[in-house]
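Q: Following is a predicted model, sequence given first.
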Amino acid sequence: MFQVAITGTGVFTPSEVITNDELVAAFNAHADLWNAENADAIAVGEVAAKPQSSAEFILAASGIEQRYVLNKSGVMDPARMYPRLPQRPDDAPGYMAEIGLDAAQKALAAAGVDASEVDLVICAASNMERAYPAIAVEIQQLLGAGGFAFDMNVACSSATFGIQTAADMIRAGSIRRALVVNPEICSAHLEWRDRDCHFIFGDVATATLLERDEALDKPHFKVISTRCATQFSNNIRNNNGYLRRTHDAMEDRRDMQFMQNGRKVFKEVLPLVSQHIADHLDASGVVADDLRRLWLHQANKTMNDYIGRKALGRVPDPSEQPNILQDYANTSSAGSIIAFAQNSADLVAGDKGLICSFGAGYSVGSVIVERA
Ligand code: CO8
């Protein structure tokens, strides 16, 4: 069996930002508009008035301060409340391929690897722009990569599950190099008209290059161990899908966008993740004191503080458990990879760390790494 290393990461960050104040102003204008349009139904108690959102609530409940999006004007339009991403011709790169390509090229540059040396491209994300051809094959072609490519979806854990999938193929010897690409256009499947969740997500793309570790002569992280787990839950759900037309359900429906029972997610996922991390460390012969850094899924600051405390058995120093959610919000599978990409260069040989994702499914994925 071959050893595996992470030799490069890349992050594409959109140029457009929405602060909490801007987001709340747009939502509240939308709520006023909606309440005026539905004044009669509200007056007779048929529907409830839409309450106002608050930037103070968002920061206190989540730790999020702003989010990046591919298109701001559509989201900020109170009469629209979702991004404007015009349909592209079939012979032009799609949105996911375009942002995934940018992240992938940065990961390759960081590792000093040419795209032609890549044997596998996995596009691992919470949603795919189309059913087929696979986005990963489009990225493979745009990059000029060799080998093969495929898409996979494990919601928030797509990146870590993709890393395990690629690592297993490198370990087995069927490939030498793999790119795991995570283009997350969360703004397109977030319900911006629902105050309970309108602040949660942002857009980004990340990429991780994995290589067979044979006396690698460049900075890298050894992949010590990977572990994935799932447990079915309806608490984070999106009912949109290819059977929609057959259900005669093409109207504007709430369940065609992201839905969650946030409180239940919070309560159920925390013990699941804490136990998963403890078991993974145990099985790998790594003790919590060995961990110099935790790169956790970026959904909620309180959640991360809890998991960090459980994982290390003490309150982590902020530098030991860096958060990026204040800047990016929840970017689904890309969050822990952004945290890793932006907060790992200072580690020295022998330092160990843990990348961990968790979310819809439920799904939990962890990757134990060591700086070489
Ligand atoms: N402004 C003001 N008040 C608000 C707002 C708002 N924007 N939103 C809710 N409130 C009110 C509520 O109505 C409620 O009022 P009341 O007490 O009168 O009923 C009160 O504030 C408290 O609301 P909540 O109970 O909802 O607040 P919480 O403290 O639970 O915080 C969170 C809400 C932040 C959502 C929290 O529950 C949380 O973070 N939970 C964990 C969620 C999580 O990790 N989910 C995973 C996300 S899924 C994922 O990562 C990937 C999925 C696939 C990608 C999909 C991409 C779109």
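A: Noted; the coordinates are in hand.

Q: Can you show me the helices along the stretch 151-300 of the chain?
A: With DSSP state H, counting those that start in this stretch as the criterion, the stretch 151-300 of the chain has helices at 158-172, 262-284.

Q: Just say which of those helices is most tucked in.
A: Neighbour counts averaged per stretch over the helices of the stretch 151-300 of the chain are highest for helix 158-172, at a mean of 24; criterion: mean count of other C-beta atoms under 10 Å. Just so you know, the C-beta spots here come from the backbone N, C-alpha and C atoms, and that holds for glycine as well.

Q: Quick one: distance of that helix to the chain centre.
A: Distance of helix 158-172 from the chain centroid (C-alpha atoms, centre = their mean, to the nearest Å) equals 16 Å.

Q: Tabulate the CA atom coordinates of it in PDB.
A: Backbone C-alpha positions of helix 158-172 (Å, rounded to 0.1, in the frame of the first residue of the first chain) are rendered in PDB as follows:
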ATOM      1  CA  SER A 158     -18.300  16.100   0.100                       C
ATOM      2  CA  ALA A 159     -14.700  17.300   0.400                       C
ATOM      3  CA  THR A 160     -13.600  14.900   3.100                       C
ATOM      4  CA  PHE A 161     -15.400  12.000   1.600                       C
ATOM      5  CA  GLY A 162     -13.700  13.000  -1.800                       C
ATOM      6  CA  ILE A 163     -10.300  13.000  -0.100                       C
ATOM      7  CA  GLN A 164     -10.900   9.500   1.400                       C
ATOM      8  CA  THR A 165     -12.000   8.200  -2.000                       C
ATOM      9  CA  ALA A 166      -9.000   9.700  -3.800                       C
ATOM     10  CA  ALA A 167      -6.600   8.600  -1.000                       C
ATOM     11  CA  ASP A 168      -7.900   5.000  -1.200                       C
ATOM     12  CA  MET A 169      -7.100   4.900  -4.900                       C
ATOM     13  CA  ILE A 170      -3.600   6.300  -4.400                       C
ATOM     14  CA  ARG A 171      -3.100   3.800  -1.500                       C
ATOM     15  CA  ALA A 172      -4.200   1.000  -3.700                       C
END
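
Q: mean confidence for that helix?
A: Averaged across helix 158-172, the pLDDT comes to 98.

Q: just stretch 105-119 next, same as before
A: Mean predicted lDDT for stretch 105-119 stands at 98.

Q: Provide the contact partners of that stretch at residue level.
A: Stretch 105-119 is contacted by residues 7-12, 104, 140, 143-148, 175-179, 207-209, 211, 218, 220 when judged by C-beta atoms under 8 Å, 6 or more residues apart in numbering.

Q: Residue 266 is in contact with residue 303, isn't it?
A: Yes: Residue 266 is in contact with residue 303 according to C-beta atoms under 8 Å; the separation is 6.4 Å.

Q: returning to what we had before: out of the helices of the stretch 151-300 of the chain, flag the one nearest residue 191.
A: Distance to residue 191, taken as C-beta to C-beta, is lowest for helix 262-284 among the helices of the stretch 151-300 of the chain, at 13.0 Å.

Q: Distance from the chain centre to that closest one, please.
A: The answer for helix 262-284 is 18 Å, by C-alpha atoms, centre = their mean.

Q: picking up where we left off before, now distance to residue 134 too, for the helices of the stretch 151-300 of the chain, in a markdown table please.
A: Below are the helices of the stretch 151-300 of the chain laid out as a markdown table (distance: least, C-beta to C-beta, whole Å):
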| stretch | distance to residue 134 |
| --- | --- |
| helix 158-172 | 13 |
| helix 262-284 | 29 |
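
Q: And stretch 235-244, end to end?
A: Stretch 235-244 has an end-to-end distance of 21 Å (C-alpha to C-alpha, to the nearest Å).

Q: switch to numbering from 41
A: Sure thing, new numbering starts at 41, so read that last one as stretch 275-284.

Q: Report whether it contacts the ligand.
A: Yes: residues of stretch 275-284 are located near the ligand by C-beta under 6 Å from any ligand atom, namely residue 276.

Q: re the thing from before, out of the contacts of stretch 145-159, which are buried?
A: Buried residues within the contacts of stretch 145-159, counting neighbours by 16 or more other C-beta atoms under 10 Å: 47-52, 144, 180, 183, 185-187, 215-219, 247-249, 251, 260.

Q: show me the contacts for residue 122.
A: Contacts of residue 122 (C-beta under 8 Å, 6+ apart): 114-115, 227-228, 232.

Q: Would you confirm that residue 261 contacts residue 407?
A: No: using C-beta under 8 Å, residue 261 makes no contact with residue 407, being 9.1 Å away.

Q: mind listing the strands for the stretch 41-190 of the chain?
A: 44-52, 56-59, 106-109, 160-164, 188-192 (DSSP state E, counting those that start in this stretch).

Q: In the helix or strand hosting residue 344, which residues are buried?
A: Applying DSSP states H and E as the criterion places residue 344 in helix 341-352. Neighbour-count burial for helix 341-352, counted by 16+ other C-beta under 10 Å, picks out 341, 343-348, 350-352.
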